[in-house]
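**Student:** got a predicted model here, sequence first, then my questions.
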Amino acid sequence: MMQKHGSQGNSSQNHNQVEQSFYGLGIAPKILEILEHIKFKVPTPIQLKAIPLALEGKDVIGIAQTGTGKTHSFAVPMVQRLMQVKGIGLVLAPTRELAIQIEEAFHGIAQPLGIKTACLIGGASMHDQVQALRRNPRVVIATPGRLLDHASHWNFMPDTVSMLVLDEADRMLDMGFAPQIDKILRFLPKERQTMLFSATMPKEIMEMVARHMRLPVSVEIAPSGTTAEHLTQELFIVRKEEKLKLLGRLLTQYHGSVLLFSRTKHNARKIAIAVRTMGHSSAEIHSNRSLNQRREALGGFKTGKYKVLVATDIAARGIDVSGVELVINFDLPEDPENYVHRIGRTARAGHKGHAISFATPDQSSDVRDIEKLIRTTLPVSKHPAISAEQFSKSSAHSSERKHKFQGFRHKQHKSHRR
């Protein structure tokens, strides 16, 4: 059984947020000082709702779109409760990048209080991680596979966990971690506090909640699948062979940082090379890259060394970079829910952002699936760089294409036929 904690609409959230501060949420004075020192003044809606419940020791399910401050929604109460109770706080994350960023968020709060952390991820030195575990960290952030590696060597003792967080739980299930998560949960003490954070709430998570959480309180800030408030979206219908040409034109229009998503790692490599040929700096981040290469790419993107970061969905939730001007879906994702996570890399924490998607003429059903999830119609644009006449002859005039194209707007269909 799950309790529902009253959620508000976006407009009332924004109004209340202006009046709110971290005072009055039950946060200890010393941690309030730390938040003030690191320039955290106004809590986000998910922080306003989740922090007081978590501080009470309740099991919490937090549903909120990306870029809304979920990490500090569990970091603040975890650090405070670990000052009061014995045991370890364990945070499970789907990707190495996200785990690293979670540890960075904990550092700012935990270090001034003398609380040590350890980050256990694949691709990094097991020896260094063993040394970190021997220093008796109170907070362990890990990817599921590497945590099980350490547990199998008795480096990590699951029975010491008193608090558990599953971050981006839906993504972990998407990536096939369900068996590993089930195994980890079986080893953990039954008497623990569990928090689960996610942007969407598929039935697999509901089943996990029923098995492993005790009367959880659900905190839903926006409906599952909702995109960021200040995000604008745009769709180009374009043949596969015209995509690079359109990309080149768009990169001359946008001068800020661009995060580009490819469906495959092989295509990501080709796109990154093509972008450099166009005269723009680029890096790539996907499963074929080593941890050091991925760190360098992400670090270079954050500092402006690279204008364009080409990524596969492994990075859809692991990239926490403020100021991304544009997200480009060079390929539509296989799973519509990944569309929300991809475009959530821009328009973070109340800032403006824009997302552009390329769809081929035979992908109308994929577009409809995305629109159904986000509950809005994607506006279709035309670009003078793409020959509408040539496009019309090869696709829109064919009876088969016409039938498939019904999913797109009639107005756009007419414009392509001119």
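**Tutor:** That came in fine, so what should we check first?
**Student:** for the closest residue to Met175 other than its chain neighbours, what are its contacts?
**Tutor:** Ranked by CB to CB, 6 or more residues apart in numbering and with sequence neighbours excluded, the top spatial neighbour of Met175 is Pro94, at 5.4 Å. For the C-beta atoms, the positions are set from N, CA and C on the backbone; glycine is no exception. Shown in contact with Pro94 (CB atoms under 8 Å, 6 or more residues apart in numbering): 143, 167-168, 171-172, 174-175, 177, 317-318.
**Student:** from those, which is closest to Lys305?
**Tutor:** In terms of CB to CB, no member of those lies closer to Lys305 than Gly318, at 18.8 Å.
**Student:** returning to that earlier point: and the residue nearest to Met175, which of the three is it?
**Tutor:** Judged by DSSP: H, G, I helix; E, B strand; the rest coil, the three-state class of Pro94 is coil.
**Student:** quick one: mean pLDDT for the helix or strand hosting Ala268?
**Tutor:** Using DSSP states H and E, Ala268 sits in helix 265-277. For helix 265-277, mean pLDDT is 94.
**Student:** which other helices and strands contact it?
**Tutor:** Helix 265-277 is packed against helix 243-253, strand 282-285, strand 308-311, with contacts defined by 3 or more CB pairs under 8 Å, 6 or more residues apart in numbering; DSSP states H and E.
**Student:** of the contacts of Pro94, closest to Pro189?
**Tutor:** Looking across the contacts of Pro94 and measuring by CB to CB, the closest to Pro189 is Asp167, at 19.9 Å.
**Student:** quick check: beta-bridge partners of that closest one?
**Tutor:** For Asp167, the beta-bridge partners are Phe197 (DSSP bridges).
**Student:** quick one: Val238 and Leu247 touch, right?
**Tutor:** No. Using CB atoms under 8 Å as the test, Val238 is too far from Leu247 to be in contact (9.6 Å).
**Student:** what do those two both touch?
**Tutor:** By CB under 8 Å, 6+ apart, no residue touches both Val238 and Leu247.
**Student:** contacts only, for the residue nearest to Val60 when sequence neighbours are not counted.
**Tutor:** Nearest in space to Val60, with sequence neighbours left out and distances taken as CB to CB, 6+ apart, is Met195 at 4.6 Å. Met195 sits next to 50, 54, 59-62, 74, 163-166 when contact means CB under 8 Å, 6+ apart.
**Student:** what helix or strand is Met195 on?
**Tutor:** Per DSSP H and E, Met195 falls inside strand 193-198.
**Student:** chain center to that strand: distance?
**Tutor:** Mean C-alpha position of strand 193-198 versus that of the full chain (CA atoms, centre = their mean, to the nearest Å) differs by 15 Å.
**Student:** again, but for stretch 327-336
**Tutor:** 14 Å.
**Student:** which other residues reach that stretch?
**Tutor:** Residues from elsewhere that reach stretch 327-336, judged by CB under 8 Å, 6+ apart: 174, 243, 247, 250, 258-264, 267, 271, 313, 316, 339, 342-343, 345-346, 353-359, 363, 366-367, 369-370, 372-373.
**Student:** before we move on, the earlier item: so for Cys119, which of the helices and strands packed on helix 265-277 sits nearest?
**Tutor:** Of all those, strand 282-285 sits nearest to Cys119, with 18.0 Å by CB to CB.
**Student:** what mean pLDDT does the next helix or strand after the closest one get?
**Tutor:** Note on strand 282-285: by DSSP H and E, the next helix or strand toward the C-terminus is helix 291-303. The pLDDT scores in helix 291-303 average 85.
**Student:** name the surrounding residues that touch helix 291-303.
**Tutor:** 96-97, 100, 121-124, 257, 259, 283-285, 289, 305-306, 309, 319, 321.
**Student:** got the CA coordinates for the helix or strand hosting Ala132 in PDB?
**Tutor:** Using DSSP H and E, Ala132 sits within helix 126-134. Extracted in PDB, the C-alpha atoms of helix 126-134 (Å, rounded to 0.1, in the frame of the first residue of the first chain):
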ATOM      1  CA  MET A 126      39.100  -2.100  -7.500                       C
ATOM      2  CA  HIS A 127      42.200  -1.500  -5.300                       C
ATOM      3  CA  ASP A 128      41.400   2.200  -4.800                       C
ATOM      4  CA  GLN A 129      37.800   1.300  -4.000                       C
ATOM      5  CA  VAL A 130      38.900  -1.300  -1.500                       C
ATOM      6  CA  GLN A 131      41.100   1.300   0.200                       C
ATOM      7  CA  ALA A 132      38.100   3.700   0.300                       C
ATOM      8  CA  LEU A 133      35.900   1.000   1.900                       C
ATOM      9  CA  ARG A 134      38.600   0.400   4.500                       C
END
